[in-house]
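Enquirer: This is a predicted model, with the sequence first.
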Amino acid sequence: MTRDEIKDVILEIIEDIDEDAEFDGLDADKPLRDQLDLDSMDFLDIVMELRKRYQLQIPEEEYPELATLNSCVNYLEPKLKEA
Amino acid sequence: MSALPDSSRIVITGVGLTAPGGANSLAEFRKRVIAGQSGISTLDLRYMETSPAGVCDFPETKYRKKKENKRGTRAGCISVYCACEALADAGVDFSEYDRARTGVYIGLTEHGTVETENEVYNIKQFDYNVDYWTHHHNPRTVLNNPAGEITMKLGITGPHYSVGAACAAGNAALIQGSQMLRLDEVDFALCGGISECTGSFGIFASFRAQGALAEHADPTRASRPFDRDRNGIVISEGGCVFTLERLDKALARGAKIYGEIVGHAMNSDARDFVLPYGPRQTECMQMALDRAGMSAADISIINTHATGTKQGDIEECRAIRELFANCPETRINNTKSIIGHAMGAAGVLELAANLPSFTDHMVHPTINLDTLDPDCELPGLVAGKAEQLAQVDTILNNSFGMVGINSVVIVKRFVAK
């Protein structure tokens, strides 16, 4: 998957959690949590959805890698290279 | 009871509800029950063939965002809607009551069944690998969930919990709220009952296995308590929440008063997992009458629990005849014939269906009673169409449940002194 495709997947998962989520003006380098209505349970939803879609097992100590949209893409790019 | 000081008298001042068939306020609900208009349709459920069922259709995003509804449970969604509607109806915005002195008591027949079934179905897609089991399972299935979702929505910091009492749960929660007000544990209470049972194939399948799931080609005719051809229960979802206050405070703020809770009782059969027991039901009704300082003849309307099972209906009729044989003025009706069995919500929804009788003096009918079962013959049974009375002063509301639990609540038309 390309970086853009990974970004789209993340936004699609977030939209599934909160269909009222507003992505206009989203800063890809700032924490998603500060810009969207997301809490720790929602991040676990993102982790679960990645597991379901790509059989990705993300260890708990690596959850902080999912903080911003760009950090998500950086973290997932090597893992989803073949996806 | 009227000898009690106003600070010990408990009154109902607000009603919020959603009933099967799209009745989402007391006025809509009353209109339907008076007309005897069934709220039952059909439901296709995982693993089950099409079954008659009572399904609600209410504005789910009136008080919460879609995201919040998705996070919580169906029971929580129904609870929040009913609680917010009850508050609005009562005209309470917490300028008159402290949120820390407000209690939330919600009656449930069961909870967690729907979520657990859904999650097992989910991990089946992953060969039962529990890595795919949701982290939402525990917060959704803790028994206080529906009451807790109300407190989160409304910022209520007083006590909240569920009252698990099978199909007597709605009444049990109402009793709990009354007692907490009398004990001065809280100043304001949101009490009611909720059912999300239509989301569980297991509840349908279990009643069917027991030979107690209603079947009929026309779903609106499937719920038929007291009828010779009744063949079981119609499962419904729904909810009803009442606001309860002490009379002195309710009067001081000029609240509208629907009725006064003057008597209640609960007891146990101590006999059987599923079969009800009339003699204990009689004792329960007698105890509620005693506490209300009333005799059977003082009751204007008995709202029966009867669910449409063979033995259950007969047991209750026997229990009622025992006490009310010589009460020609007393009228008897059944709300489940119209909305099915709303389980944890049944007691409170059925009380709500009858509360307006204090002002319109009508008794809503029992419907689908084509051929009365001779064993269910009751003097004063109102069937087919509503009956107009000169005056309705008291409602006795029966709610019984599995594992032998009985509850009775008596509500009186409000008279100041």
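Expert: Noted; the coordinates are in hand.

Enquirer: For chain A, what's its nearest residue on chain B.
Expert: Per Cβ to the nearest Cβ, residue B:67 is where chain B lies closest to chain A, at 4.2 Å. Heads up, the C-betas are built off the backbone N, CA and C, glycines and all.

Enquirer: Contact partners for that residue?
Expert: A:17-20, A:37 (Cβ atoms under 8 Å, 6 or more residues apart in numbering or on different chains).

Enquirer: near chain B, from those?
Expert: Restricting the contacts of residue B:67 to those touching chain B (Cβ under 8 Å from any Cβ of the partner chain) yields A:17-20, A:37.

Enquirer: What's the PyMOL line that selects buried ones from those residues?
Expert: Typed into PyMOL, the line below selects the buried ones among the ones next to chain B among the contacts of residue B:67, using 16 or more other Cβ atoms under 10 Å in any protein chain shown:
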select buried, chain A and resi 17+18
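
Enquirer: Keep only those of the ones next to chain B among the contacts of residue B:67 that are in strands.
Expert: Among the ones next to chain B among the contacts of residue B:67, DSSP state E puts none in strands.

Enquirer: excluding its backbone neighbours, what's nearest whatever residue of chain A ends up closest to chain B?
Expert: Going by Cβ to the nearest Cβ, chain B is nearest to residue A:18 of chain A, at 4.2 Å. Among residues not flanking residue A:18 along the chain, residue B:67 sits closest, at 4.2 Å (Cβ to Cβ, 6 or more residues apart in numbering or on different chains).

Enquirer: Would you report the backbone torsion angles of the one you found?
Expert: phi -60, psi -40 (degrees, to the nearest 10).

Enquirer: And it, how far from residue B:209?
Expert: Distance of residue B:67 to residue B:209, given as Cβ to Cβ, to the nearest Å: 38 Å.

Enquirer: Okay, and the residue nearest to the spatial centre of chain A sits in which element?
Expert: What sits nearest the mean C-alpha location of chain A, by Cα atoms, centre = their mean, is residue A:10, with 4.0 Å. Per DSSP states H and E: residue A:10 is located in helix A:3-17.

Enquirer: Which strands and helices lie in contact with that helix?
Expert: helix A:40-54, helix A:69-79 (3 or more Cβ pairs under 8 Å, 6 or more residues apart in numbering or on different chains; DSSP states H and E).

Enquirer: average pLDDT for that helix?
Expert: Averaging pLDDT along helix A:3-17 yields 97.

Enquirer: I'd like to check the angle between that helix and helix A:40-54, please.
Expert: 120 degrees (axes from the mean of the first three to the mean of the last three Cα atoms, to 10 degrees).

Enquirer: wait, is residue B:345 part of a helix?
Expert: Yes: under DSSP: H, G, I helix; E, B strand; the rest coil, residue B:345 falls within a helix.

Enquirer: In this structure it contacts residue B:196, no?
Expert: No: between residue B:345 and residue B:196 there is no contact under Cβ atoms under 8 Å: 9.4 Å.

Enquirer: These two: which has the busier surroundings?
Expert: residue B:345 (41 against 30; other Cβ atoms under 10 Å in any protein chain shown).

Enquirer: Next up, the contacts around that one.
Expert: Residue B:345 sits next to B:107, B:170, B:192-195, B:236-240 when contact means Cβ under 8 Å, 6+ apart.

Enquirer: How about the residues of chain A by chain B?
Expert: Listed as neighbours of chain B in chain A under the rule Cβ under 8 Å from any Cβ: A:17-20, A:37, A:41, A:44-45, A:48, A:51-52, A:57.

Enquirer: what's the most distant pair in the residues you listed?
Expert: A:20 and A:57 (30.2 Å; Cβ to Cβ).

Enquirer: could you pull out the strands for the stretch 1-150 of chain B?
Expert: Assigned by DSSP state E, counting those that start in this stretch, the stretch 1-150 of chain B shows strands spanning B:10-18, B:40-43, B:51-54, B:102-108.

Enquirer: from these, which stretch is densest packed?
Expert: strand B:102-108 (a mean of 30; mean count of other Cβ atoms under 10 Å in any protein chain shown).

Enquirer: what distance separates it from the centre of its chain?
Expert: Centroid displacement of strand B:102-108 relative to its chain, using Cα atoms, centre = their mean, to the nearest Å, is 13 Å.

Enquirer: Within the sheet, what are the partner strands of that strand, with directions?
Expert: When pairing is defined by DSSP bridges, strand B:102-108 lines up against strand B:160-164 (parallel), strand B:188-195 (parallel).

Enquirer: Would you format the ones you listed as TSV with mean neighbour count included?
Expert: Below are those laid out as TSV (neighbours: other Cβ atoms under 10 Å in any protein chain shown):
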stretch	mean neighbour count
strand B:160-164	21
strand B:188-195	34
